[in-house]
Structures are given as structure tokens and as C-alpha cells.
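**Q** coords below, sequence missing:
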């Protein structure tokens with residue numbers, strides 16, 4: 001097939017985060033300029049998308065795939081074998097332990113069997129063998145057959161996945177292989193390779209954030225061709241350099257009833273699954289401000305888009321002076337087997353997030369990606385880790401050992417607070433001198449984000465064109 005005819009890009013938007021990264025960024029504009037046709041294969045409803053030029057774009061809503069027991073078994077063997085192989089890595093070891101069966105139910109027995117088999121057979125060849133058996137298990141599935149019809153009808157020249165981990169995308173890779181359509185995947189987040197499980201499939205090409213992420217990819221997936229990995233940065237942060245996401249400072253202050261003469265401390269929450277210490281840390285900050293242990297400032301809390309604010313009801317009642325930002329992510333449909341995947345951010349929320357990053361003076365969070373968001377605006381960051389497994393709190397100190405966050409700790413870009421006293425000391429240090437550790441923050445951003453924000457989507461499209 002000559003280069004002139006290979007100009008149809010298929011892009012798989014699996015969830016709300018993929019929507020944020022590749023629909024709310026300038027990626028689609030760049031893709032429309034770089035390809036003759038763009039087919040969006042969507043795990044979200046058709047109505048989620050903005051109006052697009054029908055001459056350039058086609059949106060295909062994918063039917064919802066439900067995994068069978070056989071599909072699950074081979075997928076689980078593949079994933080757990082990957083964890084077995086790499087469990088000397090602290091993040092992967094943690095994931096390995098968390099996935100173990102806790103009961104002797106029929107499902108628990110299957111999980112135990114998977115762990116037993118993979119404890120012996122977990123070489124890279126074994127893992128790829130499980131993947132092949134997983135693909136064979138898709139034969140005869142009606143939904144998977146529909147995926148095949150869809151790909152045959154639209155015939156993309158390359159199929160690009162915006163996230164490498166959702167299990168259902170293995171069915172699309174299965175068909176892409178059969179139809180000899182090359183595949184590429186974006187590595188969705190900075191922690192995915194060194195702390196999460198196996199990718200959903202083996203892809204032909206990869207788009208990664210940085211040199212660091214490329215080295216991780218080659219280490220955890222040794223059969224990957226280094227020439228097939230492109231460093232593109234991440235469109236996740238692109239709205240921060242786009243003027244259409246700007247909010248005037250006065251509007252930001254008025255929205256939350258903030259005092260323009262006082263500094264603003266923003267606490268950004270994790271979701272309830274790992275952020276059960278959030279209410280304690282928020283209360284600790286509020287008490288510190290009330291008592292004067294923290295220099296005069298006001299507290300703004302941004303909750304996780306993965307949940308509503310119900311778990312903070314008691315905190316709101318006790319500390320009415322706290323200002324709250326609840327992300328505006330909309331649920332696009334009910335009854336989906338993975339409801340979180342169906343929540344999408346609004347442009348309004350991205351604009352408000354950008355304003356928070358721009359106008360707040362300091363961030364506190366529990367070891368999250370929000371550290372990078374704030375550092376992109378050269379704001380200081382304090383990371384809390386109050387729980388240690390012995391003090392009765394959720395053990396968030398274990399995340400300090402995760403490879404991606406160990407890099408942060410060693411960089412000196414943040415201060416770590418394991419109790420109230422350390423938190424107050426760190427917050428005051430940054431309130432008094434916002435430039436403290438600034439050079440370390442800049443170096444960390446350079447290490448983690450491999451392209452300037454305003455070049456990321458062009459780099460993504462160019463990398464995809466280079467595969468053809």
C-alpha cells in the first residue's frame with residue numbers, strides 16, 4: 001500500500017480521560033490536518049462529542065463488550081504473570097498483593113489457581129502465550145464479531161489507542177492483527193508502567209511522555225522495538241497553554257468567595273479508594289490555619305472527579321471557612337459495567353482547574369499527578385503520607401516506595417509530610433519562600449514531560465504519520 005492511500009487514522013477513545021486528552025485538546029485539529037480521514041471509535045456515547053466536520057471525522061459508537069469467564073481467565077493469567085515477573089518492583093509488588101484472592105468462593109478459587117500457575121510460568125514468552133490464548137477466546141463472541149465488521153467497514157490505516165490498559169481494547173487489537181492494521185498506543189499516565197498491571201495487548205507502536213517512560217517501557221516489555229517508541233509529551237496538560245481555557249482572576253476569586261489579599265492553599269484529594277486520609281489532612285490544615293500554626297492563608301479543596309462530595313459532609317460542617325471545588329465531570333450514560341469510564345470532563349472544569357493552578361499559591365496532595373500540574377505553573381507542592389500501617393491510618397506511606405514517586409522524592413522537588421508538625425513546617429516554608437526548591441521542580445518536569453506543552457499534539461500526530 002503506497003503512502004498516498006494510507007491516510008485514514010482510527011482513534012479509540014476508551015473513557016473520559018481519553019476524551020479529555022485527545023478531544024478537548026488540539027489533537028483532533030492536528031489529526032484532521034495530518035490525515036485524510038479520522039475515524040473515532042468510541043467507548044463513550046455518540047452524543048458526548050462536540051460537532052465535528054463530517055467531511056473529516058466519523059464517530060462510531062462501539063457496542064459494550066462483556067468479558068466471558070474464559071476471556072477473564074486468560075487475561076488474568078497474562079496480567080498476574082506480568083506482576084509475578086516484575087514483583088521486585090515495589091509498586092508492582094503492591095499491586096500483586098492487592099489482587100490476591102481473599103475468599104474460597106468459586107471466583108476466589110480461580111484467582112488462586114491463576115496465582116499458582118503464574119508463580120511457575122511467568123516468563124515473557126509465557127505471558128505472550130497467555131495473550132494469544134486470550135485472543136483465541138474471543139472467537140465466536142457476538143460483540144467481538146461486531147468490532148470486526150466495524151473495522152472492516154471503516155478500514156483505518158492505523159488504529160491508535162488513547163489508553164493502553166482497558167481490557168476491552170484487546171478485542172480490537174485482535175481484529176487489527178487479523179486485518180493487518182498496525183496499532184499504536186499512548187501510555188496514559190506516568191505511573192502506569194512501573195506500578196500497574198500488564199497492558200491490554202501487544203501494540204506495534206507506542207507514544208510516551210518522556211525518555212524516562214521510554215526506558216521503563218523497554219524494561220517492562222523487552223520485546224518492544226526501541227524504534228517503534230516516540231516521545232511526544234502528554235496532551236493531558238495542553239489546556240494550560242491554550243487561551244480558550246483562561247478564566248479572569250476576578251472571576252476565580254468571586255466563584256469561591258476568596259479574599260484577594262490572602263494567599264491560597266489548595267488541597268487536591270485522591271479518590272476514596274486510596275484517599276481515606278483526605279478528611280484528616282484537610283482537618284489538620286484547617287486547624288493549623290485557625291490556630292496560627294500555619295501562616296495566614298485560605299484553604300481551597302478540590303475533590304476527585306471520580307466521586308461526589310458525600311464523604312466530606314462532616315468536614316464541611318465542622319470547617320465552614322473551607323472553600324470547595326467539585327469537578328464538573330458528567331456521567332454520559334447509566335448502567336455501564338465500568339461507570340467511571342463514562343464520566344467526562346467539561347470545558348468549564350478544565351478552565352477552573354487551570355485557574356486553580358494559576359492563582360493558588362501552594363498545593364498539598366497525597367502523592368498524586370496533581371503535583372506535576374502545579375509544578376507546571378511553578379507552584380510549590382507538599383505531599384502528605386500520614387498512614388504507615390502501624391498507626392491505624394490507611395497506609396499511604398507505601399506509595400513513597402513506588403518507582404514513579406521515588407523519582408519525585410529523590411528529586412527534592414517536593415516536601416514530604418508524615419504528620420501534622422511536618423505538614424505545618426513544610427507549608428510555612430513554601431508560603432514564606434515560593435521559590436524554594438523551584439529549580440528541582442523544573443528539573444522534575446523536564447524529566448517527566450518530554451515535550452513543550454504547545455508541541456505535544458503535533459508530536460502525537462507526526463509520530464502516527466511516521467508509522468505509515
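**A** Cool, the structure landed. Predicted, not measured: the structure shown is a model, and the values here were computed from it.

**Q** got the domain ranges for the protein?
**A** Domain assignment for the chain, taken from automatic domain parsing, gives 3-65+141-234+452-466, 69-132, 239-448.

**Q** tell me which stretches of the stretch 151-300 of the chain form strands.
**A** Secondary structure of the stretch 151-300 of the chain (DSSP state E, counting those that start in this stretch): strands at 158-161, 183-186, 205-208, 229-231, 264-268, 298-302.

**Q** run the chain-centre distance for stretch 195-212.
**A** 13 Å (CA atoms, centre = their mean, to the nearest Å).

**Q** sort out which residues of it are buried, please.
**A** 195-210, 212 (16 or more other CB atoms under 10 Å). Every C-beta, even on glycine, is put in place using the N, C-alpha and C of the backbone.

**Q** what segments of the stretch 201-350 of the chain are helices?
**A** Taking DSSP state H, counting those that start in this stretch as the test, the helices found in the stretch 201-350 of the chain are 211-220, 249-256, 278-291, 313-318, 347-359.

**Q** what about these, which gets the closest to residue 421?
**A** For residue 421, the closest of the helices of the stretch 201-350 of the chain is helix 278-291, at 9.8 Å, according to CB to CB.

**Q** distance of the residue nearest to residue 18 when sequence neighbours are not counted from residue 23?
**A** Among residues not flanking residue 18 along the chain, residue 162 sits closest, at 3.6 Å (CB to CB, 6 or more residues apart in numbering). Using CB to CB, to the nearest Å, one obtains 9 Å as the distance from residue 162 to residue 23.

**Q** between these two, tell me which one has more neighbours.
**A** The neighbour comparison of residue 162 against residue 23 (other CB atoms under 10 Å) goes to residue 162, with 26 against 23.

**Q** looks like the more buried one contacts residue 9 (just checking).
**A** No: Residue 162 lies out of contact with residue 9 (CB atoms under 8 Å); the separation is 12.0 Å.

**Q** dump the domains of the chain to JSON lines, plus mean pLDDT.
**A** Shown next, in JSON lines, are the domains of the chain (pLDDT from 0 to 100):
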{"stretch": "domain 3-65+141-234+452-466", "mean pLDDT": "95"}
{"stretch": "domain 69-132", "mean pLDDT": "97"}
{"stretch": "domain 239-448", "mean pLDDT": "96"}
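
**Q** just those: most buried one?
**A** Comparing those by mean neighbour count (mean count of other CB atoms under 10 Å), domain 3-65+141-234+452-466 ranks first with a mean of 19.

**Q** centre of the chain to that one, how far?
**A** Worked out by CA atoms, centre = their mean, domain 3-65+141-234+452-466 lies 15 Å from the chain centre.

**Q** just give me the longest helix of this structure.
**A** helix 69-85 (DSSP state H).

**Q** neighbouring contacts of that one?
**A** 67, 92-93, 95-96, 99, 110-111, 114-115, 117-119, 121-124, 126-127, 130-131, 133-134, 137-138, 141, 167, 170, 197-198, 220 (CB atoms under 8 Å, 6 or more residues apart in numbering).

**Q** if you set the cut-off to 6 Å instead, what comes out?
**A** 92, 95-96, 114, 118, 122, 126-127, 130-131, 133-134, 137, 167, 197-198 (CB atoms under 6 Å, 6 or more residues apart in numbering).

**Q** and these, which is closest to residue 446?
**A** Among the contacts of helix 69-85, and counting by CB to CB, the member closest to residue 446 is residue 92, at 25.9 Å.

**Q** hang on, that closest one packs against residue 86?
**A** Yes: under the criterion of CB atoms under 6 Å, residue 92 makes contact with residue 86 at 4.7 Å.

**Q** do you know how far residue 316 is from residue 394?
**A** 21 Å.

**Q** helix, strand or coil: sort out residue 40 for me.
**A** strand (DSSP: H, G, I helix; E, B strand; the rest coil).

**Q** surely it touches residue 59?
**A** Yes: using CB under 6 Å, residue 40 makes contact with residue 59 at a distance of 4.7 Å.

**Q** hmm, back to that, of the strands of the stretch 151-300 of the chain, which is nearest residue 413?
**A** It is, among those and with distance given as CB to CB, strand 264-268, at 16.2 Å.

**Q** ok and that closest one relative to strand 298-302, angle-wise?
**A** 30 degrees (axes from the mean of the first three to the mean of the last three CA atoms, to 10 degrees).

**Q** tell me the helices and strands packed up against strand 264-268.
**A** strand 298-302, strand 362-365 (3 or more CB pairs under 6 Å, 6 or more residues apart in numbering; DSSP states H and E).

**Q** got those as a markdown table, with distance to residue 230 columns?
**A** Formatted as a markdown table, these follow (distance: least, CB to CB, whole Å):
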| stretch | distance to residue 230 |
| --- | --- |
| strand 298-302 | 32 |
| strand 362-365 | 30 |
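
**Q** now the closest residue to residue 10 other than its chain neighbours: how far from residue 106?
**A** Excluding the flanking residues, the one nearest residue 10 by CB to CB, 6+ apart is residue 156, at 2.9 Å. The gap separating residue 156 from residue 106 is 40 Å, by CB to CB.
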